[in-house]
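**Student:** Any chance you could fold what I've pasted below:
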Amino acid sequence: MNELQQLKQLTLLSAKNVLTMSDVALLTGLSKSHLYKCVHRKTIPYYKGTGGKLTFFDKKDVEAFMLKHRVKSVDEIQQEATTYVVTGKKRKEASV
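**Tutor:** So this is what the prediction gives:
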């Protein structure tokens, strides 16, 4: 795919709220095969079209899926360790 075509697709994708499997693959960088597995396992929220053949995704759901497993930075871990040593209590996680 040439750069102009890819830029056009990404521009169109940014304006959409309801995404197709191809859109989600482009947005996430995941293969369609992997996405189909996620749908089958119900690890990603999705919608079925009338007749149940087409699969659609809400852009916000996909973004939440992508940000689901946050890994703390070294600084955050050190801060929690310091808090624990000083107070003897674990810092409560911020509500999402």
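**Student:** In this structure Thr20 contacts Phe56, no?
**Tutor:** Yes. Contact criterion CB atoms under 8 Å: Thr20 and Phe56 qualify, at 6.6 Å. Every residue, glycine included, has its C-beta placed from N, CA and C.
**Student:** Give me the common contacts of these two.
**Tutor:** Here Thr20 and Phe56 have no joint contacts, going by CB atoms under 8 Å, 6 or more residues apart in numbering.
**Student:** now the strands for this protein?
**Tutor:** With DSSP state E as the criterion, the chain has strands at 18-19, 47-48, 55-58.
**Student:** Can you lay out those as JSON lines showing mean neighbour count and mean pLDDT?
**Tutor:** Conversion of the strands of the chain to JSON lines gives the following (neighbours: other CB atoms under 10 Å; pLDDT from 0 to 100):
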{"stretch": "strand 18-19", "mean neighbour count": "16", "mean pLDDT": "95"}
{"stretch": "strand 47-48", "mean neighbour count": "11", "mean pLDDT": "95"}
{"stretch": "strand 55-58", "mean neighbour count": "17", "mean pLDDT": "96"}
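**Student:** Would you mind giving the ones you listed as TSV with distance to Leu4 added?
**Tutor:** Below are those laid out as TSV (distance: least, CB to CB, whole Å):
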stretch	distance to Leu4
strand 18-19	22
strand 47-48	31
strand 55-58	26
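**Student:** To Leu26, which of those strands lies closest?
**Tutor:** strand 18-19 (9.0 Å; CB to CB).
**Student:** outside of the closest one, which residues touch it?
**Tutor:** Outside strand 18-19, the residues that reach it (CB under 8 Å, 6+ apart) are 13, 27, 56-59, 62.
**Student:** Name the nearest of these relative to Tyr46.
**Tutor:** Phe57 (5.4 Å).
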